[in-house]
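>>> fold the stuff below for me.
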Amino acid sequence: MNERFQALVYGVALALIIGWVLYIGKVVFVPSPFAILVSLAVWSGLWGIPGAFLAVPITAFMVIVFSEFAGTRPLAVLLSRNGRL
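Modelled structure (predicted):
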């Protein structure tokens, strides 16, 4: 009985977490999956594990900054998930 209750609690928690992550992905800007993989490889190669944790926030920040300047806007569109910024 205890194992079934524990599995139920884990299942409900997992469903809530997945729903929350999917909602945040729609509200908050997230770069494209390709940009995330490339940034993960680059930043973890440069800084190791801390770089791996910081790869997505750094890339998202770079895309936002790139989108503000005319010369780098095409790069920002390329790195964005759906081409809209």
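
>>> okay, and for this structure, where does confidence drop off?
When the per-residue scores of the chain are filtered using pLDDT under 70, the ranges that remain are 1, 18-29, 83-85.

>>> next up, the contacts around residue 9.
Applying Cβ atoms under 8 Å, 6 or more residues apart in numbering, one finds that residue 9 lies in contact with no residue. For the C-beta atoms, the positions are set from N, CA and C on the backbone; glycine is no exception.

>>> name the helix or strand for it, please.
Residue 9 belongs to helix 2-27 when assigned by DSSP states H and E.

>>> now the element after that helix, going C-ward?
Using DSSP H and E, the helix or strand that directly follows helix 2-27 along the chain is helix 33-47.

>>> in that following helix, what counts as buried?
Buried residues in helix 33-47, counting neighbours by 16 or more other Cβ atoms under 10 Å, are found at 35-36, 39-40, 43-44.

>>> and the next helix or strand after it, what does it pack against?
Next helix or strand after helix 33-47 toward the C-terminus (DSSP H and E): helix 49-66. Counting contacts by 3 or more Cβ pairs under 8 Å, 6 or more residues apart in numbering; DSSP states H and E, helix 49-66 is packed against helix 33-47, helix 73-79.

>>> only alpha carbons, please: show helix 49-66 as PDB.
Taking C-alpha atoms only, helix 49-66 is exported to PDB below (Å, rounded to 0.1, in the frame of the first residue of the first chain):
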ATOM      1  CA  ILE A  49      30.000  21.900 -15.300                       C
ATOM      2  CA  PRO A  50      29.300  25.600 -14.400                       C
ATOM      3  CA  GLY A  51      29.200  26.400 -18.100                       C
ATOM      4  CA  ALA A  52      26.700  23.600 -18.700                       C
ATOM      5  CA  PHE A  53      24.400  25.100 -16.100                       C
ATOM      6  CA  LEU A  54      24.800  28.600 -17.500                       C
ATOM      7  CA  ALA A  55      24.600  27.800 -21.200                       C
ATOM      8  CA  VAL A  56      20.900  28.400 -21.700                       C
ATOM      9  CA  PRO A  57      20.600  31.600 -19.700                       C
ATOM     10  CA  ILE A  58      23.700  33.000 -21.400                       C
ATOM     11  CA  THR A  59      22.400  32.100 -24.900                       C
ATOM     12  CA  ALA A  60      19.000  33.500 -24.200                       C
ATOM     13  CA  PHE A  61      20.600  36.800 -23.000                       C
ATOM     14  CA  MET A  62      22.800  36.900 -26.100                       C
ATOM     15  CA  VAL A  63      19.700  36.400 -28.400                       C
ATOM     16  CA  ILE A  64      17.900  39.200 -26.600                       C
ATOM     17  CA  VAL A  65      20.900  41.600 -26.900                       C
ATOM     18  CA  PHE A  66      21.400  40.600 -30.600                       C
END
